[in-house]
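Chemist: What would the 3D arrangement of this be:
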Amino acid sequence: MALTESNMFPLGAKAPSFTLPDVVSGKNVSLDELKSEIATVIMFICNHCPYVKHVQDQLVKLANDYIPKGISFIAINANDVEKYPEDSPEKMKEVAQKLGYPFPYLFDETQEVAKAYQAACTPDFYIFDKDLKCVYRGQLDDSRPGNDIPVTGESIRSALDSLLRNEPITVKQKPSIGCNIKWKE
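Modeler: Numbering: from 1, shown residues only. Have a look, this model is predicted:
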């Protein structure tokens, strides 16, 4: 596990398009199908990373709080499953069902989507506005395993609340920190 920070995708950049399999439904879905007319949150996560495990319950709570307000959430796993079988699509489906993920959990087998988003770590978060322009990228909140700060989703919540009020996002955008994405050789 290499501790890695977000690459901080450029603000204002358009979300790269994709079509990926949803491990729960078994269907291929596209960004165009999943996006919201208000905001879309894209999260690069996986099953085995302790940084993701640390925030999983808050991801479910966050999505359950904001999906009714018209915000879309999309989770993507791009890890090399040959070296990390715990992140396989079958295991992804188990985790999504066990935790009650209210969002699609997509598998980026080729890792092309993760590369297009300049994703570096798990978890890595992006918020795109109604035009799919990046308005936030970085951390969920200041909590990390072992730092005794509660997991609240404060950074993402603040950004989403600003979007819902049609106000500029003023939250300081700090990189997420987690395990590096497990790239194929």
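
Chemist: Can you list the buried residues in whatever helix or strand residue 53 lives in?
Modeler: Per DSSP states H and E, residue 53 falls inside helix 50-66. Of the residues in helix 50-66, 51-52, 54-56, 58-60, 62-63, 66 count as buried by neighbour count, 16 or more other CB atoms under 10 Å. Glycine gets a C-beta too; all of them are placed from N, C-alpha and C.

Chemist: Check the gap between the spatially closest residue to residue 71 that is not a sequence neighbour and residue 176 for me.
Modeler: Leaving aside its chain neighbours, residue 71 sits nearest to residue 39 (5.0 Å; criterion: CB to CB, 6 or more residues apart in numbering). Applying CB to CB, to the nearest Å, the value for residue 39 to residue 176 is 18 Å.

Chemist: now do residue 42
Modeler: For residue 42 relative to residue 176 (CB to CB), the value is 12 Å.

Chemist: Same question for residue 91.
Modeler: Distance, residue 91 to residue 176, by CB to CB: 22 Å.

Chemist: Neighbour count for the two, which is higher?
Modeler: The residue with more neighbours, out of residue 91 and residue 176, is residue 176; 28 against 18, by other CB atoms under 10 Å.

Chemist: The chain: strands as residue ranges?
Modeler: Taking DSSP state E as the criterion, the chain carries its strands at 3-5, 19-21, 28-30, 39-44, 71-77, 105-107, 121-122, 124-129, 134-138, 177-180.

Chemist: Nothing else from me, thank you.
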